[in-house]
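Colleague: Need a 3D model of the following:
(one chain, ligands or ions: 1)
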Amino acid sequence: MFFMAENSERMAEQAHLDQVLHEIDQKGDELQKAIVKDKEEARSLSAHFYDDIRLDFDDYSTSMDTALSIQQQQLLLKERDNAWQVNDRELATLKRLHVHPYFARVDFTEPGEDHESIYIGLASFMDDQNQLLIYDWRAPISSIYYDGKIGKVTYYSPEGPIEVDMSKKRQFMIEDGTIINMFDTDETIGDQMLMEVLSEKSSIQMKSIVKTIQQEQNKIIRDTNSELLFVQGAAGSGKTSAILQRIAFLLYRYRGNLRSSNVIMFSPNQLFNDYIENVLPEMGEQNMVQMTYWQFIARRLPKMHVQNLFEQFEDQTADTAISRFKDSLAFYKLATRYGKHLNQSGMIFRNIYFRTKKKPFFAKEEIKELYYSFNENYKLGNRIDATREELIRRLNKRISSEAKKVWVDREIEGLTHQQMMDLYDRPDQEFPSEKAERAFLGKKIAIKHLAKVARRINHNGFLNMPAQYIAFLKAVPKMTDLAKYGIGADEWAAHVDEVKAKFKEKEIDMRDASAYLYLYDQITARQTSLDMRYCFIDEIQDYSAFQLAYLRYNFPRAKFTMLGDLNQAIFTKDESSSLLKQISGLFDPEKTKVVQLTKSYRSTKQLTDFSKQVLRRGEKIESFNRQGPLPAIWARKNDDEAIDALISALKANDEAKLTTAIITKDLASAEKVAAALKEKGAKAHLISSANQRLVEGDLVLPSYLAKGLEFDAVIMWGASKAAYHELDETQLVYTIISRAMYKLDIIYSGEKSPLLTVKDGTYEAK
Ligand SMILES: Nc1ncnc2c1ncn2[C@@H]1O[C@H](COP(=O)(O)OP(=O)(O)OP(=O)(O)O)[C@@H](O)[C@H]1O
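Modeller: Residues are numbered from 1 along each chain as shown. Down below sits the predicted model:
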C-alpha cells in the first residue's frame, strides 16, 4: 500500500528541501573559495620555493639544514595540495547532492531517545551546527528504509543490532529542486517508485539502483561476514546492480582502510565493462579493478596465443569427459599434489646458452643437480631462489675466464675511441701496462654480455614450463584413475599429444592456461595478491571449478562474492549445477552464505512469463508486474522472408524509439545478418569482438557478447531447429531472450527450435 501525502505536507516538505538546498549551495560557495585560496597559496609556495630555503652546501652540518628546510617546504606544499584536493572531492559530492539531494525520509524512535526524522540520499551532508541534514544511504540507520515495514525494525550498527520503531517511510521524486512526487508507504520499497524507475527507457549504460534497493538485494549489499557470498539469481534479478551497490557500500563502510584498488571484479567481457563503468562514479566512488578472466590469464602468457572468448564459444570439445575433468576441482587438487611432488623429483630444466648453441653455458643436468642438492626442508620457493642465487654466483666466477677468450679480444680490437672511453671508470684512467688495460676492458665486456645470461637466470629462464606441464599431464593417469571420469588411457594420451602440438604452435587452451600458470606459481612460489580484499565474480556459471579455485589461490586474503544464474551457463552448460557444491568446499561452511534472488526486474511481466517456459527444470522466477506487449514469433519459409520480417520488426521498434539488439547464436550468423541488413539499407551496428565499444543505436551481436547486457527490445535471429536443437542449448536461448526489457521478437525460417515450445496465448504469432 502507498498513500499520497496531503497537500500541506507537500508544502512543508518543499520548504524543507529548499532549506537543505540552500545549505548545500552555501557550503559549496565556501568550499569553492577555500579551494581557490589553497590553490593560490600552493602555487605561490612552489614559486617561491627556493627563496625561503637557505642554500648552503659549505659543510656537512649546514647542508643538513638545507635538506631539512627543503623538506619542511615540501611538507607545507603537500598540506596545501591535500587541503584543496580534499575540498575538491567534497565539492564534487555537493554538486551531486545539489542535483539529487535525497530520495527518502524515515521517522523512527530509538529506545530511550526522542522521535527522529532523517532524510536519505547519495552522501551525507552536515550543516554548520553539525546536524546531519542528509544521511548516506550506506549509513547503518539507512538500512531500515530498505529492510523494514512500518513498526519494529532492526538495523545493525557497528556495536550490534538495534531495534527501532519506524512510524513513517516516505519516498520522493525530485527534479531541479522541486518535489515532483512523494508518497508514503508501509511496504518495504513501494512498487510505485520501482515502477517509475523501471519504466524509464534503457540507455547504453547501467544505472545505480540506490533509491529502490529491494530487501533481499540489501542483504547482499550489506553483508560483511561471509568469506563466500554466493548469489544465485534469475536473469534480471539485479545481481550485477547489487554487486556495484555492494562495492560502494564496502568502500563507505571501511573508508580509510579499503580503497577501490583493493577490490577486483571479474566480468564476462569488455563490453560489459563499458556498460557498468559509470555506476560507481555516479555514486561518488572510484571504479574497482576490473578485468575478464581471459585478460587475467593472457597478460601473463604474452608469448602464447590463449584461446579467447570467441574460440571458446566455438570450441566443439568443450563438452567432453576430458574437458569436464580438467574443469574440476579434482584436477586442481592433482596439480597441487604434483607441485608438492616436484620438491622431491621430476623438475625439468632448460640449458642456458651463451654465444653458442653448441655447448650450454649451464647445462640442464647441472641445474637439476643443483636444484635437488638443497636439503629436504626446502620448499619449492626456497629451492628456486637458492638455485638462482647459486647460478648467479657460478656466473660471476666465470667472468674472468670468459674475459680471456678470443671473442673478447676481437671486440676490443673493434672498439672506437668513444666506446673505449665509455668502458673506463673515468676518462683519464691509467693502467700500469697494456696487459692490465686488456684485462680491465676484457672484464668489462664479458660482464656486459653475461648480463643477458644473468637476466635469464633471474627470470627463471632455466625452467622448462611447457615440458613440465606436459609431464604433469602424463603423470595424471598414475595419480588418479581416469576411468572414474569416463576417460580411457588412449584417449588421454592422444589428448596430451594434442596439447603438446598446440604448444609447438604457441597456442594454449583456456583450460590448460589456468593449470599451466597454477603449476608455474607453485614452482616459483609467486607472490599472490595479498592486498586484494574483495573479489567479485559475475556470471559465475561460465567459470569452471578449477578457475575459481585458482582465483581463490591468487587472492588468498580476499572475501569472495560470486554471482550467477545457473540457467544462463553458456560455456559450462549443464555442469554448472555441481559448481556450487565444488566451490563451497574451498571455503569455511560457517562463513559461506547463499542468497537466492527470484524476482526479475528487467523485463515486463509478459516477457518474464514467456522466457521462463523455456527452462526445463521449472526454476523459481517471479515476474515484476510491469506491463508490455506479448513477445512475437515470426515463422518464415526462407531466409529472404525472414530478413524482411527482421526489417519490419526493426522498423516498428525504431518508430517506438526502442533501442534494439539483434542477437544471433554465433559470430558467423551475426556477420551474415549485418551484411543482409546493410544490403537492404537498414542501419545496425555489428559488434563482433569483445574489445569493441558499446555505441548508441541498434546493434547486431552474437549471444556470448550479449551476456549481462540489456536492451529495450531484442530480436532473436535464426531461432530454428537447425540452430538450437540440443537440450544443453536451453541456457543459451534463455540468455538471449532474457536480455529484453520491453519487447521481444523471435524470427526463424524453416522449423522452429524445439527449445522454444511455449504455450499458446503467451505470444503473438506473426
Ligand atoms: N532494486 C532495483 N531497483 C530498480 N531497478 C532494478 C532493481 N534491481 C534490478 N533492477 C534493474 O533490473 C535490470 C536487471 O538488473 P541486473 O542487470 O543487475 O540483473 P542481473 O541479475 O545481473 O541480470 P543477468 O543475470 O540477466 O545479466 C537492470 O536494469 C536494473 O537496473
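Colleague: Then residue 154 would be within a strand, right?
Modeller: Yes - under DSSP: H, G, I helix; E, B strand; the rest coil, residue 154 sits within a strand.
Colleague: when you give positions from now on, start the count at 622
Modeller: Understood, numbering begins at 622; the last thing we discussed is residue 775.
Colleague: list the contacts for it?
Modeller: Residue 775 is in contact with 768, 769, 782, 783, 784, 785, counting by Cβ atoms under 8 Å, 6 or more residues apart in numbering. The C-beta positions use only the backbone N, C-alpha and C, and glycine is treated the same way.
Colleague: pLDDT-wise, what's the bottom of those residues?
Modeller: Here the lowest pLDDT out of those sits on residue 769, with 75.
Colleague: And for that one, the neighbour number?
Modeller: When neighbours are counted by other Cβ atoms under 10 Å, residue 769 registers 20.
Colleague: which residue sits closest to it, ignoring its sequence neighbours?
Modeller: In this structure, residue 769 finds its nearest non-sequential neighbour in residue 787, 5.8 Å apart by Cβ to Cβ, 6 or more residues apart in numbering.
Colleague: Run through the bridge partners of that neighbour.
Modeller: Note on residue 787: beta-bridge partners residue 729, residue 772, judged by DSSP bridges.
Colleague: try the one 4 residues further on
Modeller: According to DSSP bridges, the residues that bridge with residue 791 are residue 726, residue 805.
Colleague: pLDDT value on it, please?
Modeller: Listed pLDDT for residue 791 reads 91.
Colleague: contacting residues for it?
Modeller: For residue 791, the contact set (Cβ under 8 Å, 6+ apart) comprises 626, 634, 725, 726, 727, 803, 804, 805, 806.
Colleague: In this structure residue 1135 contacts residue 1169, no?
Modeller: No - if you go by Cβ atoms under 8 Å, residue 1135 and residue 1169 don't touch, sitting 10.0 Å apart.
Colleague: Neighbour count: these two, which is higher?
Modeller: Between residue 1135 and residue 1169, counted using other Cβ under 10 Å, the more crowded position is residue 1135 (28 against 24).
Colleague: Would you mind giving the secondary structure of the more buried one?
Modeller: Secondary structure of residue 1135, per three-state DSSP, is helix.
Colleague: Before we move on, what's the pLDDT of it?
Modeller: On the pLDDT scale, residue 1135 gets 96.
Colleague: Pull the number of nearby residues for the closest residue to the ligand within the stretch 772-921 of the chain.
Modeller: Proximity of the stretch 772-921 of the chain to the ligand (Cβ to the nearest ligand atom) peaks at residue 859, 2.9 Å away. Neighbour count for residue 859, taken as other Cβ under 10 Å: 24.
Colleague: Could you do residue 1006 as well?
Modeller: By the criterion of other Cβ under 10 Å, residue 1006 has 15 neighbours.
Colleague: Now do the SS call for it.
Modeller: Three-state call for residue 1006 (three-state DSSP): helix.
Colleague: how close does it sit to the ligand?
Modeller: The gap separating residue 1006 from the ligand is 44 Å, by Cβ to the nearest ligand atom, to the nearest Å.
Colleague: next one: residue 1125
Modeller: Distance, residue 1125 to the ligand, by Cβ to the nearest ligand atom: 39 Å.
Colleague: What are the buried residues along the helix or strand encompassing residue 946?
Modeller: Per DSSP states H and E, residue 946 falls inside helix 942-948. Within helix 942-948, the residues that count as buried by 16 or more other Cβ atoms under 10 Å are 943, 944, 945, 946, 947, 948.
Colleague: What of stretch 986-994?
Modeller: 987, 988, 989, 991, 992, 993.
Colleague: Then the fourth one would be within a helix, right?
Modeller: Yes - with three-state DSSP as the criterion, residue 991 is part of a helix.
Colleague: hmm, back to that, just the pLDDT for the residue of the stretch 772-921 of the chain closest to the ligand.
Modeller: Looking at residue 859, its pLDDT is 90.
Colleague: can you pull the contacts of it?
Modeller: The contact partners of residue 859, taken as Cβ under 8 Å, 6+ apart, are 830, 835, 838, 1218, 1222.
Colleague: now swap in residue 1218 and tell me
Modeller: 837, 838, 841, 852, 853, 854, 855, 858, 859, 860, 863.
Colleague: Find the nearest non-adjacent residue to the second one, please.
Modeller: By that I understand residue 838. Leaving aside its sequence neighbours, residue 838 sits nearest to residue 863 (Cβ to Cβ, 6+ apart; 4.6 Å).
Colleague: Helix, strand or coil: sort out the one you found for me.
Modeller: Secondary structure, three-state DSSP: residue 863 is helix.
Colleague: Pick the one among the buried residues of stretch 986-994 closest to the ligand.
Modeller: residue 992 (48.2 Å).
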